[in-house]
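**Q** just need the structure, nothing else, for what follows:
(chains A and B)
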Amino acid sequence: MNGGEREAVLELKDLEVSFKVKGGDVFKAVKGVNFTIYKGETFGLVGESGSGKTSIGRAVVRINDASAGSILYKGRKINGKISRELDLEVVRKIQMIFQDPMASLNERAKVDYIISEGLYNIGVKRTEAERKDLVSKALLEVGLLPEFASRFPHEFSGGQRQRIGIARALIMEPELIVADEPISALDVSIRAQVLNLLSAIQKAKGLTYLFIAHDLSVVRFITDRIAVINKGEIVELAETEELFRRPLHPYTRALISAIPQPDPIAERGKVVTVYDPRCHDYSTQGPSWVDVGGGHFVLANAKEVEAYRAEMAAAQP
Amino acid sequence: MAKGDAILEAKDVVIKFNLRGRTLTAIRGASLELNEGETLAIVGESGSGKSVLTKSFIGMLDQNGWVDSGSVMFEGRNLAALRDEKEWLAIRGKKIAMVFQDPMTALNPLLSVGAQIREVFELHHGLSGKAADHAVIDMLERVGIDAPESRRKQYPHEFSGGMRQRVVIAIAVACKPRILICDEPTTALDVTIQAQILDLIKALQRDLAFTTVYITHDLGVVANVADRVAVMYSGQIVETGMAEEVFYDSRHPYTWALLSSLPQLGVKGQPLYSISGTPPNLFNRISGDAFAPRNPKALKVDFVAQPPMFQISPTHRAATWLLDPRAPAMDPPPAILAMRAKLGGAKIGGAR
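**A** Numbers count the residues shown, from 1 in each chain, chains lettered A, B, ... in the order given. All right, here's what the predicted structure looks like:
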């Protein structure tokens, strides 16, 4: 993958998301985040709980407001005040898949309504037959039967419910899907099914994914590029295999070292490194967001960048 | 008792539940032995019965459930026959303790963490006053909580998830149990915290010399902690062996499927192996191999007769007709072959 001719679907520029907390204070959940997602790729956003990864996802689908910076969809700013036409377009084109399929479906609505709710909202006039047709198509696309439309969510298993969640996003014919931990609430044997489904749909429709997760082993399997976020700041961004081969930032290293592998011999010999933020000396110069080569970005100051570049050279792929 | 002797032995345990007049058989004849000082991991998807089976070891089955037949021998007594809550109180918490999945709900939000640990010392050790305070502080220090003197007065909401789980562990091991059952102890935690908690349990196990049972669906955690692994499916143990045997030389098609569906073992850009269908309905009678309907390569006999446990090595057993001498030779899926190759010539089995 080389830059240049790639079409940027989503660009985040110095994005900040803040929340008011008790006592009038402001908590910055996301601090100055920059990245670009290109058409057709799966972009992973990885971090621990409280890192701000979900806040970014929610800002992209405009559930949370961005307090500063901008979010561009195909070059047009979509945060803050935007025109009604753009708003309707973005509602269609950026869809979200949620983490817990047990909590994200309306228990009182039939699958038919759940899947077509988005269509009602964007106000495009369709005949009942057309709408039913779209629902059947969406159900088939996610591997469910059209008959399921007349049932209620409680009649389905977790994996099937997540498929309904995916169908609800697909019916809008989106270009970008924000998937927030789409498989972490599912059982092990079901996870593979849903991952395969997401990949197959992406191939068939040329979708772009922003895949938010905490589990690096899943993210490694499905993404093209990964951004690692810690306490609201992205500390490193690189192509997936590059990141695993040459992790530079100590936080990324700690995170990678902690992933449990299904391999007893490797696990017994493993050393988990702990990230200590005090290992950075930012007293003379603070960190900035630097490309250390080939689209491998890291948050570091000049001195660290020098060390990282030397490391990169020593570990040539 | 020497290390390696059986400390608890469950034999042909059948556990049933009464749900609105219908009977569900959650455990369909499970046999499991637990050896002194070891770490056993029970793996399986939700509904496989891994929690139910271990809950029967501490008399914590839900009101509508009962051990229908079979025995659970511990210290010369059959726990499956215990009916009296008083008898359970001498075992539960004291001899066999449990760490639950979610540290948010396992602690009482209205009591300080110190008070919750202190309760254990007062009830089980008869300590009070200063002596109990000292025991609490010592315990908090042991599980890695800084400034225990002041932190013991804090409430659960003032602790992070990982710290809360440390408190739950402190309560569980305060009685110096012989067996510690950890039910998905790290599922609710971040990976970096997870690693710390697993290390803590290992360190406590070394110091206090208890036997650990992990219940988990995370095969990464299993590989990290387990000496021995038992794989459960639909209320039965389908494969059991030393961790190396189960990870690198698995024999049951369900174990194959479980391992193959892990993204860590997948090939990027290719679909992951996925298990089709859903586990059988436990309200119904299951004949044959319970996994057969989801196993695309099931043999005819799998649908008719239940496979017995075949012994593969002194420590490794699996219940699949594939191990019968009459069965056709069948290669495991590619991911399993890759795991086998990983082991190379290294020796499998035996105690570590």
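**Q** and stretch A:309-317, which residues are buried?
**A** Neighbour-count burial for stretch A:309-317, with 16 or more other C-beta atoms under 10 Å in any protein chain shown as criterion, is recorded at residue A:312. Where you see a C-beta, it was placed from the backbone N, CA and C, and this is true even at glycine.
**Q** residues making contact with that stretch?
**A** Among residues not part of stretch A:309-317, those counted as contacts by C-beta atoms under 8 Å, 6 or more residues apart in numbering or on different chains are A:242, A:245-246, A:248, A:292-293, A:296.
**Q** same check, this time on stretch A:20-32
**A** Where contact means C-beta under 8 Å, 6+ apart, the residues beyond stretch A:20-32 that reach it are A:14-19, A:52, A:55-56, A:59, A:67, A:69, A:231-233.
**Q** same question, stretch A:162-169
**A** For stretch A:162-169, the surrounding residues in contact (C-beta under 8 Å, 6+ apart) are A:95-98, A:101, A:104-105, A:111, A:114-115, A:117-118, A:135, A:138-139, A:141-144, A:148, A:153, A:156, A:177, A:182-183, A:186, A:190, A:194, A:197-198, A:201.
**Q** ok, now stretch B:87-94?
**A** Contacts to stretch B:87-94, defined as C-beta under 8 Å, 6+ apart, come from residues B:58-60, B:74, B:79, B:82, B:120, B:124, B:175, B:177.
**Q** out of those residues, who's nearest chain A?
**A** When the contacts of stretch B:87-94 are ranked by distance to chain A (C-beta to the nearest C-beta), residue B:60 comes first, at 22.8 Å.
**Q** what's the single longest helix in chain B?
**A** Ranked by residue count and defined by DSSP state H, the top helix of chain B is helix B:191-208.
**Q** count of neighbours near the residue in the stretch 51-200 of chain A that chain B sits nearest to?
**A** Residue of the stretch 51-200 of chain A nearest chain B, by C-beta to the nearest C-beta: residue A:192 (3.8 Å). As a burial measure, the neighbour count of residue A:192 was computed by other C-beta atoms under 10 Å in any protein chain shown and equals 25.
**Q** now name the helix or strand holding it.
**A** Under DSSP states H and E, the secondary-structure element containing residue A:192 is helix A:188-205.
**Q** taking the contacts of stretch B:87-94 one by one, which sit in helices?
**A** Among those, the subset assigned to helices under DSSP H consists of B:120, B:124.
**Q** including neighbour count, could the contacts of stretch B:87-94 go into CSV?
**A** Listed next are the contacts of stretch B:87-94 as CSV, based on neighbours: other C-beta atoms under 10 Å in any protein chain shown:
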residue, neighbour count
B:58, 19
B:59, 20
B:60, 15
B:74, 22
B:79, 23
B:82, 18
B:120, 23
B:124, 15
B:175, 18
B:177, 21
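**Q** show me which of the contacts of stretch B:87-94 neighbour chain A.
**A** Residues of the contacts of stretch B:87-94 in contact with chain A (C-beta under 8 Å from any C-beta of the partner chain): none.
**Q** poorly predicted segments of chain B, please.
**A** Scanning chain B with the threshold set as pLDDT under 70 gives B:1-3, B:344-352.
**Q** same thing but 50
**A** Screening chain B residue by residue with the criterion pLDDT under 50, one finds the ranges B:345, B:347-352.
**Q** nearest residue to the middle of it?
**A** Centroid-nearest residue in chain B: residue B:215, 2.5 Å away (criterion: C-alpha atoms, centre = their mean).
**Q** quick one: list the elements packing against the helix or strand containing that residue.
**A** Secondary-structure element containing residue B:215, defined by DSSP H and E: strand B:211-216. When contacts are defined as 3 or more C-beta pairs under 8 Å, 6 or more residues apart in numbering or on different chains; DSSP states H and E, strand B:211-216 packs onto strand B:22-35, strand B:39-43, helix B:50-55, strand B:179-183, helix B:219-225.
**Q** so what strands line up beside the second one?
**A** Strand B:39-43 sits in its sheet next to strand B:211-216 (parallel), strand B:228-233 (parallel), going by DSSP bridges.
**Q** and the first one, by the same measure?
**A** In the sheet, strand B:22-35 lines up against strand B:6-19 (antiparallel) (DSSP bridges).
**Q** list the beta-bridge partners for residue A:35.
**A** As for beta bridges, residue A:35 partners with residue A:12 under DSSP bridges.
**Q** and the residue nearest to residue A:94 when sequence neighbours are not counted, how many residues sit next to it?
**A** Spatially, and ignoring its direct neighbours in sequence, residue A:94 is nearest to residue A:176 (4.8 Å; C-beta to C-beta, 6 or more residues apart in numbering or on different chains). Around residue A:176 sit 22 other residues, with neighbours defined as other C-beta under 10 Å.
**Q** from what I see, residue A:176 and residue A:90 are in contact.
**A** No: applying C-beta atoms under 8 Å, one finds residue A:176 not in contact with residue A:90, separated by 9.4 Å.
**Q** any common contacting residues for the two?
**A** With C-beta under 8 Å, 6+ apart applied, the overlap between the contact sets of residue A:176 and residue A:90 consists of residue A:73.
**Q** on that earlier part again, confidence score at the residue of the stretch 51-200 of chain A closest to chain B?
**A** Here the pLDDT value assigned to residue A:192 is 91.
**Q** what residues does it make contact with?
**A** If you count contacts by C-beta under 8 Å, 6+ apart, residue A:192 has them with B:261-263, B:266, B:272-275.
**Q** how far away is whatever residue of the stretch 151-300 of chain A ends up closest to chain B from residue B:88?
**A** Scanning the stretch 151-300 of chain A for the residue nearest chain B gives residue A:260, at 2.7 Å (criterion: C-beta to the nearest C-beta). From residue A:260 across to residue B:88, the span is 34 Å (C-beta to C-beta, to the nearest Å).
**Q** how about residue B:24?
**A** According to C-beta to C-beta, residue B:24 stands 23 Å off from residue B:88.
**Q** same question for residue B:215.
**A** With distances defined as C-beta to C-beta, the gap from residue B:215 to residue B:88 amounts to 20 Å.
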